[in-house]
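> Dropping the sequence and predicted coords here.
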Amino acid sequence: MAQLMKKPVSERERRRDELARLTSRYDRAVLYEQVWSQPVQSVAKSYGISGVRLGKVCRKLQVPVPPRGYWARVQNGQRMRKPPLPNPK
């Protein structure tokens, strides 16, 4: 019986496949609006994932997220700048 050999997958192919999987599951524009309109933890809960996982998804999809302390500053009346959603590379 001949053994099946798996074709080695390059790092570039692996990243492309992961990006395709994430873009089929998450819409960048919707995700961008959600993370800038409410805390990441509540957005993550709505997707059924952890905040850390959502951060990783945003990083892979190049979605900017609010910096640490953003919601406390907004709550205290400070006006914070929201960066634009960059075009994906």
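Thanks, I have it.
> measure R81 to Y70 for me?
10 Å (Cβ to Cβ, to the nearest Å). To be clear about C-beta, it is placed using only N, CA and C from the backbone, and glycine gets the same treatment.
> In terms of neighbours, single out the busier of the two.
For R81 versus Y70, the count of surrounding residues by other Cβ atoms under 10 Å is larger for Y70: 17 against 4.
> Please name the residues that touch the more buried one.
Contact analysis of Y70 by Cβ atoms under 8 Å, 6 or more residues apart in numbering lists M80.
> swap the cut-off to 10 Å and go again
V35, W36, P39, V40, Q78, M80, K82 (Cβ atoms under 10 Å, 6 or more residues apart in numbering).
> State the pLDDT value of it.
Y70 carries a pLDDT value of 93.
> does the residue nearest to the spatial centre of the chain belong to a helix or a strand, and which?
Centroid check for the chain by Cα atoms, centre = their mean gives C58 as the closest residue, at 1.6 Å. Per DSSP states H and E: C58 is located in helix 51-60.
> And that helix, what's buried?
L54, G55, V57, C58 (16 or more other Cβ atoms under 10 Å).
> now swap in stretch 81-89 and tell me
Result for stretch 81-89 [16+ other Cβ under 10 Å]: buried residues L85.
> First-to-last residue distance for that stretch?
Stretch 81-89 has an end-to-end distance of 23 Å (criterion: Cα to Cα, to the nearest Å).
> Tally up the residues packed near P8, please.
P8: 6 neighbours (other Cβ under 10 Å).
> again with P64
Neighbours around P64, by other Cβ under 10 Å: 15.
> do R21 as well
Neighbour number of R21 under other Cβ under 10 Å is 11.
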